[in-house]
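K.L.:
Quick one: sequence plus predicted model below, questions after.
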Amino acid sequence: MVNRKFKLWHYSISHAQMLIRSIGHDKNIDIYFGGVKYMEIPSILDDISIIAAEKCDKEYLCKRLECVNDKEITVLLCSGRKYYVVASIMKIMENNLGMFELPFDL
C-alpha cells in the first residue's frame, strides 16, 4: 500500500475493534481488526506492507501475552520497522465511506 498514509482511525475497547484507515481521492483503504487482544502501532503509518510473522515475532509477542496463535498475528512493516496487532479477524476493504462513517456501523 505504497504512497498511502494510514492513521489509527478508531478503537473500541468494549467491542475490541480497531480500524486503520487511509483516505484516498477515489477510495479509502480500511484495515479492520476484530477481537483485538494486543496492538503495538503508532498513530500514523506511511507506506505499510503486511508481512508474514516470523518465529522471532511470535517470541517477541509471547513475552507480552500468555499465548499467541500464529493465525492472529498481523505484522505491519513501515519504514523498515515492524508493528504488531494480535486479533481474531483482519480484513482489508476499499470503500467510499465519509470521514466519520465506520465500516462496522453499517
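P.N.:
Alright, I've got the coordinates.
K.L.:
which residues in this structure form strands?
P.N.:
5-12, 17-22, 28-40, 44-46, 49-51, 73-78, 81-95 (DSSP state E).
K.L.:
For the first one, buried residues please.
P.N.:
Along strand 5-12, these residues count as buried under the neighbour rule (16 or more other CB atoms under 10 Å): 6, 9-10. (Glycine included, C-beta is placed from N, CA and C.)
K.L.:
Next: the fourth one.
P.N.:
By neighbour count, with 16+ other CB under 10 Å as the criterion, the buried positions of strand 44-46 are residue 45.
K.L.:
Rebuild the strands of the chain as TSV, extending it with mean pLDDT and distance to residue 102.
P.N.:
Output for the strands of the chain, formatted as TSV (pLDDT from 0 to 100; distance: least, CB to CB, whole Å):
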stretch	mean pLDDT	distance to residue 102
strand 5-12	95	6
strand 17-22	96	6
strand 28-40	96	9
strand 44-46	94	19
strand 49-51	96	21
strand 73-78	97	19
strand 81-95	96	10
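K.L.:
what's the most buried one of those strands?
P.N.:
Comparing those by mean neighbour count (mean count of other CB atoms under 10 Å), strand 17-22 ranks first with a mean of 21.
K.L.:
circling back: from the buried residues of strand 5-12, pick the one nearest residue 98.
P.N.:
Ranked by distance to residue 98 (CB to CB), the buried residues of strand 5-12 are led by residue 9 at 12.2 Å.
K.L.:
Would you mind measuring from that closest one to residue 16?
P.N.:
For residue 9, the distance to residue 16 (CB to CB, to the nearest Å) stands at 15 Å.
K.L.:
coming back round to it: will you turn the strands of the chain into JSON lines that also has distance to residue 65?
P.N.:
Below are the strands of the chain laid out as JSON lines (distance: least, CB to CB, whole Å):
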{"stretch": "strand 5-12", "distance to residue 65": "18"}
{"stretch": "strand 17-22", "distance to residue 65": "16"}
{"stretch": "strand 28-40", "distance to residue 65": "6"}
{"stretch": "strand 44-46", "distance to residue 65": "22"}
{"stretch": "strand 49-51", "distance to residue 65": "20"}
{"stretch": "strand 73-78", "distance to residue 65": "10"}
{"stretch": "strand 81-95", "distance to residue 65": "7"}
